[in-house]
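Chemist: here's a sequence, model it:
(one chain, ligands or ions: 2)
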Amino acid sequence: MAKKLINWTERYSIFYDEIDEQHKKLIDMINELYDSFSRGKANEILEEIILRMIKYTDYHFKVEEKYFSKYSFSDEKAHIKEHEKFVSEVNKFYNDLKNKNINLSYEVMNFLRNWLLKHILVSDKKYSEEFKLNNIKEL
Ligand SMILES: [Fe+2]
Ligand SMILES: [Fe+2]
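Modeler: Ligands and ions are numbered 1, 2, ... in the order given. Got it, this is the predicted structure:
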């Protein structure tokens, strides 16, 4: 059975299905990375998973940011900054890995896990609560 670093629970729901589905996909990718790493898969395979994760994260952030401007989210700027910071950190990490400056580690995967879960629980919940208060039923 595949090893999981994160188990999705309702606690992570922000009550918009489209976004929850995207968060679940990101969690799946972190779990895939964790499982592959635990099984001692080759660096090329791990890099491929990370690259896929980077691309999907980029897509996901763009979707959220589109809704921020569509619904005039009050904390848009700070939220986008958080996204940008994460993107640059993960890109740096990916390049270091490719250039063999570093190896993947449990610390790195814990960073990904903790960042994503905290971002969902604190920052993403912030916009979803505001949207709900503004009676936005569906994104
Ligand atoms: Fe976000
Ligand atoms: Fe998100």
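
Chemist: rest of the way, CA atoms for contacts and neighbours
Modeler: Noted.

Chemist: give the closest residue to residue 121 in space, chain neighbours not counted.
Modeler: residue 12 (6.3 Å; C-alpha to C-alpha, 6 or more residues apart in numbering).

Chemist: got the contact list for that neighbour?
Modeler: 117, 120, 121 (C-alpha atoms under 8 Å, 6 or more residues apart in numbering).

Chemist: quick check: closest non-adjacent residue to the first one.
Modeler: For residue 117, the nearest residue in space outside its immediate sequence neighbours is residue 12; the separation is 7.6 Å by C-alpha to C-alpha, 6+ apart.

Chemist: try the second one
Modeler: In space, and not counting its chain neighbours, residue 120 is closest to residue 12: 6.7 Å by C-alpha to C-alpha, 6+ apart.

Chemist: so what does the helix or strand containing residue 63 touch, helix or strand wise?
Modeler: Taking DSSP states H and E as the criterion, residue 63 maps to helix 43-70. Applying 3 or more C-alpha pairs under 8 Å, 6 or more residues apart in numbering; DSSP states H and E, one finds that helix 43-70 makes contact with helix 17-38, helix 76-98.

Chemist: mean confidence (pLDDT) on it, please.
Modeler: The pLDDT scores in helix 43-70 average 97.

Chemist: sorry, back to before: mean neighbour count, the helices and strands packed on helix 43-70: which tops it?
Modeler: Across these, averaging neighbours per residue (mean count of other C-alpha atoms under 10 Å) puts helix 17-38 on top, at a mean of 18.

Chemist: what sits against residue 2?
Modeler: Contacts of residue 2 by C-alpha under 8 Å, 6+ apart are residue 35.

Chemist: ok, now residue 71?
Modeler: Residue 71 touches residue 131, counting by C-alpha under 8 Å, 6+ apart.

Chemist: okay, it and residue 19: tell me how far apart.
Modeler: Look at residue 71 and residue 19: by C-alpha to C-alpha, to the nearest Å, they are 15 Å apart.

Chemist: this completes my enquiry, with thanks.
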